[in-house]
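Trainee: just the structure for this:
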Amino acid sequence: MKTTIISFSSRQNGNCAQIARRIQSLVKEPVLFDFSELDIHPCGKCNYECFNEREKCPYMQDAEYGMLEAITQSAMVYFVLPNYCDYPCANYFIFNERSQCFFQGKPEVLDLYEKVPKRSIVVSNTNETNFVTALSYQTADAPDVLFLSAKSYGKRSISGDLLSSEKAVADLTAFVKAKDA
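Mentor: Next comes the predicted model:
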């Protein structure tokens, strides 16, 4: 079965995009979604039509539902997240918020989603606790998270060169291969 990879950063070719592509090269049947290439609307600027009728969501045609559908058909999911102000970026929260419409009135689809193992790679120099809390909504168990701190590899996150560290590549590869074997 396929592996879905979601890079939540809006920055093209930053650390998260590079990490997502690296995971893509390490797994079988990868499906990659990169927020830097997607136009996904947050909830709002509507009359919440979806609360009455799921299919009335004015944003039903954006990439959100394709991502959620891919996850329900996957053997594994990887979320790749940057740290902005000690929390996941807004794209993660948009993804999480918009999922309520996708699952509304479809408990069997929510059940499929919840059964798919989800792992996260977080590019962060600080506050791991906030990420564990935010990611706990995606899984019944404790979140499976690899924190890659650019500082610990002698890098600056904003430079986008985290994977120029052989140790960072080795740590990422070991994390992915631990479940892919």
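Trainee: quick one: buried residues of stretch 76-90?
Mentor: Neighbour counts over stretch 76-90 (16 or more other Cβ atoms under 10 Å) mark 76-83, 87-89 as buried. Where you see a C-beta, it was placed from the backbone N, CA and C, and this is true even at glycine.
Trainee: hang on, I meant stretch 68-78
Mentor: So, applying 16+ other Cβ under 10 Å, buried residues of stretch 68-78: 68, 70-72, 74, 76-78.
Trainee: give me the contacts around it.
Mentor: 1-6, 20, 23, 27, 31, 33, 99, 102, 109, 112-113, 116-121, 176, 179-180 (Cβ atoms under 8 Å, 6 or more residues apart in numbering).
Trainee: now, those residues that are in helices?
Mentor: 20, 23, 99, 102, 109, 112-113, 176, 179-180 (DSSP state H).
Trainee: for the residues you listed, give me CSV that also has distance to residue 42.
Mentor: Below are the ones in helices among the contacts of stretch 68-78 laid out as CSV (distance: Cβ to Cβ, whole Å):
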residue, distance to residue 42
20, 21
23, 26
99, 12
102, 14
109, 21
112, 24
113, 20
176, 30
179, 31
180, 33
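Trainee: out of those, who's nearest residue 60?
Mentor: Distance to residue 60, by Cβ to Cβ, is smallest for residue 102 among those, at 9.3 Å.
Trainee: can you count the residues close to the closest one?
Mentor: Neighbour count of residue 102, defined by other Cβ atoms under 10 Å: 21.
Trainee: contacts only, for it.
Mentor: 54, 64-65, 68, 109.
Trainee: how about the helices of the chain, start to end?
Mentor: Residue ranges of the helices in the chain, as given by DSSP H, are 15-26, 64-72, 90-103, 107-115, 128-135, 166-180.
Trainee: report the central residue of this protein.
Mentor: residue 79 (2.7 Å; Cα atoms, centre = their mean).
Trainee: by mean pLDDT, flag the weakest helix or strand of the chain.
Mentor: helix 128-135 (a mean of 85; mean pLDDT, DSSP states H and E).
Trainee: that one packs against which elements?
Mentor: Where contact means 3 or more Cβ pairs under 8 Å, 6 or more residues apart in numbering; DSSP states H and E, helix 128-135 is packed against strand 74-84, strand 87-88, strand 118-123, strand 144-148.
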